[in-house]
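>>> Everything below, folded, please.
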Amino acid sequence: MTTSRGFTLIELMIALVIFAIAATSISRFALNSQRVSQAQIEIIAMQSNLRTGTLVVPTELRELAANGTGSDILAMASTSITFRAMRGVGFMCQVSSTEIRLLDTGSIPFYGTRNVASGRDSVLVFVENDPDDSTDDAWLVLEPTAVDVASNCGVNAAVRLTFNDFSGLLPNGVADIQVGGPVRSFEVMELAQMISGGATWLGARSVSGGQASLQPVLGPLQVNGFRLEYFTTAGLATTAPNDVRQIRLTLRGVTQRAVSRGLGDSPSFLQDSLITTVTLRNAG
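Residues are numbered from 1 along each chain as shown. From the prediction side, this is the model:
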């Protein structure tokens, strides 16, 4: 005679306990993995943000120049800098008291991030003065009243910049400007630490473009997340724009959300920082 036997109550209870323990372990493991993944995502986003900042900001500042008679740095502090941000460079093929034309050919193009914009951009015009004396060279700051990107220099394509008569600004008039010399276009920019949405950000604005307030471009950052330090050729700290030859940039990032790195770890905002030093264009 065959008999069938089911599970006893004790066996069922033991099985349920084992299942509960296994389910709890799996749940804790899944929750821990989720928290670790979220933390990693936040850390990667923060570090990517910092790397972007240490690429973009130095690119802007690296083109600055300063000497004993002037500087592209117009104002500077530990949490802000206002400067001439270079946007393009070309070479003169024609000069008059109210007009400068820049070659824009395949072999000698006007090179830059964008075309010159009248009302927003100014230009630095290289003034040779005496060709036999390199110590009297200078840069003349002019504001174009009109820009024609479809002009020409004879048979060559060119960009035509129109100005109010500037011949009176030079000892010998336009004779002090040599055809073939460089012209650099720039806009006045400000970079500064700012608060937006209750968080700290690096903000930017085009001063010459008429932007009244900073716009957040990089963040969130720690409360002291954007710092600039200025140094001379000898490596000494300075507060004089004309003496600046190096700028040390410090960015301190923070995650957008509080995260925990595992079970038992209370959620917190994670932080990291990057430091880079920028050498100005004429620091040699």
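>>> Centre-most residue in the protein?
Among the residues of the chain, the smallest C-alpha distance to the mean C-alpha position (C-alpha atoms, centre = their mean) belongs to Val57, namely 2.8 Å.
>>> pretty sure it is in a strand, no?
No - residue state for Val57 (DSSP: H, G, I helix; E, B strand; the rest coil) corresponds to helix; a strand is not indicated.
>>> And it, how far from Cys153?
Remark: distance between Val57 and Cys153 (C-beta to C-beta, to the nearest Å) = 36 Å. For the C-beta atoms, the positions are set from N, CA and C on the backbone; glycine is no exception.
>>> Kindly report the same for Leu221.
From Leu221 across to Cys153, the span is 47 Å (C-beta to C-beta).
>>> Have a look at these two and say which one is more surrounded.
Leu221 (25 against 18; other C-beta atoms under 10 Å).
>>> Give me the spatial nearest neighbour of the more buried one, chain neighbours excluded.
Thr200 (4.6 Å; C-beta to C-beta, 6 or more residues apart in numbering).
>>> wouldn't that neighbour be in contact with Gly219 here?
Yes - contact criterion C-beta atoms under 8 Å: Thr200 and Gly219 qualify, at 6.4 Å.
>>> Which neighbours do these two have in common?
With contacts defined as C-beta atoms under 8 Å, 6 or more residues apart in numbering, the residues shared by Thr200 and Gly219 are Gly225.
>>> Now Ala157: phi and psi?
The phi and psi torsions at Ala157 (degrees, to the nearest 10) take the values phi -70, psi 150.
>>> is it true that the residue nearest to the centre of the chain touches Leu191?
Yes - shown here, Val57 and Leu191 form a contact pair, counting by C-beta under 8 Å, at 6.7 Å.
>>> do you know how far Val141 is from Glu190?
Distance, Val141 to Glu190, by C-beta to C-beta: 18 Å.
>>> Those two: which has the busier surroundings?
For Val141 against Glu190, the residue with the higher neighbour count under other C-beta under 10 Å is Glu190, and the figures read 18 against 13.
>>> dump the residue contacts of the more buried one.
Glu190 makes contact with 80-82, 204-205, 207, 214 under the criterion C-beta under 8 Å, 6+ apart.
>>> so what does the host helix or strand of the residue nearest to Leu221 touch, helix or strand wise?
Per DSSP states H and E, Thr200 falls inside strand 199-206. Strand 199-206 sits against strand 182-196, strand 215-231, with contacts defined as 3 or more C-beta pairs under 8 Å, 6 or more residues apart in numbering; DSSP states H and E.
>>> so after the longest one, what's the next helix or strand?
Translated: strand 215-231. Elements were assigned by DSSP H and E; along the chain past strand 215-231, the next helix or strand is strand 246-254.
>>> and that following strand, what's its mean pLDDT?
Throughout strand 246-254, pLDDT has a mean value of 96.
>>> ok so, going back, next, show the common contact partners of Val57 and Leu191.
Taking C-beta under 8 Å, 6+ apart as the contact rule, Val57 and Leu191 both touch Leu202.
>>> circling back to that earlier point, so which of the contacts of Glu190 comes closest to Val116?
Closest to Val116 out of the contacts of Glu190 is Val207 (16.8 Å), distances taken as C-beta to C-beta.
>>> Could you report the distance from that closest one to Leu280?
From Val207 to Leu280 the distance is 20 Å (C-beta to C-beta).
>>> do the same with Ser213
Distance of Ser213 to Leu280, given as C-beta to C-beta: 28 Å.
>>> Those two: which has the busier surroundings?
For the pair Ser213 and Leu280, the greater number of neighbours falls to Leu280 (21 against 7), based on other C-beta under 10 Å.
>>> Show me the shaky parts of the chain.
Under the criterion of pLDDT under 70, the regions of the chain flagged as low confidence span 1-7, 9, 11-12, 15, 20, 22-36, 67-69, 130-136, 261-265, 283-284.
>>> check which helix or strand covers the closest residue to Val159 other than its chain neighbours.
Ranked by C-beta to C-beta, 6+ apart and with sequence neighbours excluded, the top spatial neighbour of Val159 is Leu102, at 4.6 Å. Assigned by DSSP H and E, Leu102 belongs to strand 99-103.
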